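K.L.:
Give me a 3D structure for the following:
(2 chains)
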Protein chains: 2
Amino acid sequence: VKSISFTAVPGLAEIGSGADLAATIAQALRAADLLPRARDVLVVAQKVVSKAEGRTADLDEVQPSQEAQRLAQLTGKDARLVQVVLSEAQEVVRAAPNVLIVRHRLGFVMANAGIDRSNVPQPAGRETVLLLPRDPDASASRLRSRLMEIFDVQLGVIVSDSFGRPWRNGVVNVALGAAGLPALVDRRGERDRNGRNLEMTEVAFADAIAAGAALAMGEAAEGTPVVLARGLDWSAPDSNAAALLRPRQQDLFR
Amino acid sequence: VKSISFTAVPGLAEIGSGADLAATIAQALRAADLLPRARDVLVVAQKVVSKAEGRTADLDEVQPSQEAQRLAQLTGKDARLVQVVLSEAQEVVRAAPNVLIVRHRLGFVMANAGIDRSNVPQPAGRETVLLLPRDPDASASRLRSRLMEIFDVQLGVIVSDSFGRPWRNGVVNVALGAAGLPALVDRRGERDRNGRNLEMTEVAFADAIAAGAALAMGEAAEGTPVVLARGLDWSAPDSNAAALLRPRQQDLFR
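P.N.:
All right, here's what the predicted structure looks like:
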């Protein structure tokens, strides 16, 4: 019987700027007796990766441009926050009251360039926001190398974040970064049981893992930012999360 | 330790038109010693629900309209198939070579109105396609009632299907229908550990379950269309999958 489990890794120490994320995760895994096995995939929330990488911006040091001020007025958001969003973005996809969707310089189309104000501990009187990791695929790859060294086993790592969708309510988690697994599985050429070519030819494997893992992460105050996925199987070659980005020229809605 | 499992239900009998899907699933669950517990969620692929409900169309009986012929030429698809897609659709969202995305009459924005040619057994010389269930929330609800009667336990049921996304490659599974769980969780008013209001206020709970379950389903020839999800927890009130549809007036890309 094929069974896949998503287990929240308990007891993770608070992650500060410059924290050794791999060592912190390894310690929590050991303490919980969750020793990784071959083909386990660790799903790590973007927030703790960004925190460990010190990807914060201090809003008090931001000078909003005229464009940021205009968009702040339109969206009802803090002009300094909008300025940080713009500095992370290639282009504004949609601005409306309460809505600021951009194409992040990494290619992700997402709200507020993935910038979070919640869950960032605020130094007294300072307003700090958390940006995405500079290169989430590289973050996943580094984390994976360190964890494979520590546990001497083949692992996958996904850095995940929650995304809205244009036509569906509610957020789901997707993979911002991935290493050691096929983020995108190409099934072209495979046939169904009637010998017909499959109509769905590409499967967003890492996004499905990120979505499932979020169910074990929970949210907000009681949330757990690291989840161990076990029982996954794949034969496709590794690809990173950048493979999940539809090239802008193939954007179906342009 | 919070752990969620997705287990493929093995040994499911082939589902034909008019099959008793609940009885078939119950039999497979019993044979596999997977007795449902309270709050287990059964995720059922749309295909077997549609088959059981006899939602097929015979392409040989379809007369393509001029519009269907025009779109068939543009997309490179069978004009009869395009005609069936149009008869299931409110509007065409995007047509291009190999691409026909519509708003289904049920509100889903999806390729080909969710119509599948693969995995439908073809009577000799006939070309049959499979439509979505007439009302997937009602399908989930009926299936849930029957299974709760059989096993005398509170269950959730999701009817799932794979969807493309505008800016990301690859498909993920989402919930077309849901019963006995909150398809959409509203977190407005909740606060994070720093006392700040959450920025992400709605979570697509049923879509995340559908995405995770697809990892256990596998695909194509060797696929298993029913998955038992266990270990999920929720406190929000039940909502069905229609709650996941963003009203057309709130479409962010219009």
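K.L.:
CA only for contacts and neighbour counts going forward, please
P.N.:
Fine.
K.L.:
for chain A, what spans make up the strands?
P.N.:
A:3-8, A:40-45, A:56-58, A:89-96, A:99-104, A:109-111, A:128-130, A:155-163, A:172-179, A:185-186, A:202-203, A:226-230 (DSSP state E).
K.L.:
For the third one, give me every contacting residue.
P.N.:
Translated: strand A:56-58. With CA atoms under 8 Å, 6 or more residues apart in numbering or on different chains as the contact definition, strand A:56-58 has outside contacts at A:50, A:84, A:126-131.
K.L.:
likewise the second one?
P.N.:
Strand A:40-45 is contacted from outside by A:154-161, A:209-210, A:213, A:225-232, using CA under 8 Å, 6+ apart.
K.L.:
So in that sheet, which strands flank it, and in what orientation?
P.N.:
Using DSSP bridges, strand A:40-45 pairs in its sheet with strand A:155-163 (parallel), strand A:226-230 (antiparallel).
K.L.:
Grab the CA positions of that strand and hand them over as CSV.
P.N.:
Coordinates of each C-alpha in strand A:40-45 appear next as CSV, following Å, rounded to 0.1, in the frame of the first residue of the first chain:
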residue,chain,number,x,y,z
ASP,A,40,12.7,11.8,2.6
VAL,A,41,11.9,15.4,1.6
LEU,A,42,12.3,18.2,4.1
VAL,A,43,9.9,21.0,3.5
VAL,A,44,11.0,24.3,5.1
ALA,A,45,8.9,27.4,5.3
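K.L.:
and it, how far out from the chain's middle?
P.N.:
10 Å (CA atoms, centre = their mean, to the nearest Å).
K.L.:
For the strands of chain A, give me JSON lines that also has mean neighbour count.
P.N.:
Compiled in JSON lines, the strands of chain A are given as follows (neighbours: other CA atoms under 10 Å in any protein chain shown):
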{"stretch": "strand A:3-8", "mean neighbour count": "25"}
{"stretch": "strand A:40-45", "mean neighbour count": "27"}
{"stretch": "strand A:56-58", "mean neighbour count": "17"}
{"stretch": "strand A:89-96", "mean neighbour count": "17"}
{"stretch": "strand A:99-104", "mean neighbour count": "22"}
{"stretch": "strand A:109-111", "mean neighbour count": "24"}
{"stretch": "strand A:128-130", "mean neighbour count": "21"}
{"stretch": "strand A:155-163", "mean neighbour count": "26"}
{"stretch": "strand A:172-179", "mean neighbour count": "29"}
{"stretch": "strand A:185-186", "mean neighbour count": "20"}
{"stretch": "strand A:202-203", "mean neighbour count": "21"}
{"stretch": "strand A:226-230", "mean neighbour count": "25"}
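K.L.:
right, so of those, which gets closest to B:Gly170?
P.N.:
Nearest of the strands of chain A to B:Gly170, taken as CA to CA: strand A:202-203 at 4.3 Å.
K.L.:
right, and the strands of chain A - which one's nearest A:Gly18?
P.N.:
Distance to A:Gly18, taken as CA to CA, is lowest for strand A:56-58 among the strands of chain A, at 11.6 Å.
K.L.:
Now do that closest one: distance to the chain's middle.
P.N.:
Its chain's C-alpha centre lies 19 Å from the corresponding centre of strand A:56-58 when counted by CA atoms, centre = their mean.
K.L.:
ok, that strand: who's next to it in the sheet?
P.N.:
strand A:128-130 (antiparallel).
K.L.:
contacting residues around the strand it pairs with?
P.N.:
By CA under 8 Å, 6+ apart, the residues outside strand A:128-130 that reach it are A:47, A:50-51, A:55-59, A:81, A:115-117, A:120-122.
K.L.:
one more time with 6 Å, if that's ok
P.N.:
For strand A:128-130, the external contacting residues (CA atoms under 6 Å, 6 or more residues apart in numbering or on different chains) are A:55-59, A:115-117.
K.L.:
Output the strands paired with strand A:40-45 in TSV, with mean pLDDT appended to each entry.
P.N.:
Formatted as TSV, the strands paired with strand A:40-45 follow (pLDDT from 0 to 100):
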stretch	mean pLDDT
strand A:155-163	97
strand A:226-230	98
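K.L.:
quick one: which of the ones you listed is nearest B:Ala22?
P.N.:
Of all those, it is strand A:226-230 that lies closest to B:Ala22, at 29.1 Å by CA to CA.
K.L.:
In CSV, could you pull the C-alpha coordinates for the closest one?
P.N.:
The C-alpha coordinates for strand A:226-230 follow below in CSV (Å, rounded to 0.1, in the frame of the first residue of the first chain):
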residue,chain,number,x,y,z
VAL,A,226,9.7,22.3,9.0
VAL,A,227,7.9,19.2,7.8
LEU,A,228,9.3,15.8,7.0
ALA,A,229,7.7,14.1,3.9
ARG,A,230,8.1,10.4,3.7
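K.L.:
can you count the residues close to A:Gln66?
P.N.:
Residues within reach of A:Gln66, counting by other CA atoms under 10 Å in any protein chain shown, total 11.
K.L.:
any idea how far A:Asp161 is from A:Ala208?
P.N.:
Here the criterion is CA to CA, to the nearest Å. By it, A:Ala208 lies 12 Å from A:Asp161.
K.L.:
scratch that, A:Pro136
P.N.:
A:Pro136 sits 11 Å away from A:Asp161, going by CA to CA.
K.L.:
next one: A:Asn112
P.N.:
A:Asn112 is 13 Å from A:Asp161, where distance means CA to CA.
K.L.:
which helices and strands sit right next to the longest helix along chain A?
P.N.:
Ordering each helix of chain A by length in residues (DSSP state H) puts helix A:136-151 first. Here helix A:136-151 touches strand A:172-179, going by 3 or more CA pairs under 6 Å, 6 or more residues apart in numbering or on different chains; DSSP states H and E.
K.L.:
Contacts for the strand it packs on, please.
P.N.:
Outside strand A:172-179, the residues that touch it by CA under 6 Å, 6+ apart are A:136-137, A:140-141, A:156-163, A:206-207, A:210-211, A:240-241, B:204.
K.L.:
cutoff 7 Å now
P.N.:
A:136-137, A:140-141, A:144, A:156-164, A:206-207, A:210-211, A:214, A:240-241, B:203-204, B:208 (CA atoms under 7 Å, 6 or more residues apart in numbering or on different chains).
K.L.:
and the angle from that strand to strand A:155-163?
P.N.:
150 degrees (axes from the mean of the first three to the mean of the last three CA atoms, to 10 degrees).
K.L.:
average pLDDT across strand A:172-179?
P.N.:
Mean pLDDT, computed over strand A:172-179, is 98.
K.L.:
shaky segments in the stretch 1-150 of chain A?
P.N.:
Along the stretch 1-150 of chain A, the parts satisfying pLDDT under 70 run over A:118-125.
K.L.:
switch the cut-off to 80
P.N.:
Applying pLDDT under 80 to the stretch 1-150 of chain A flags the ranges A:1, A:116-126.
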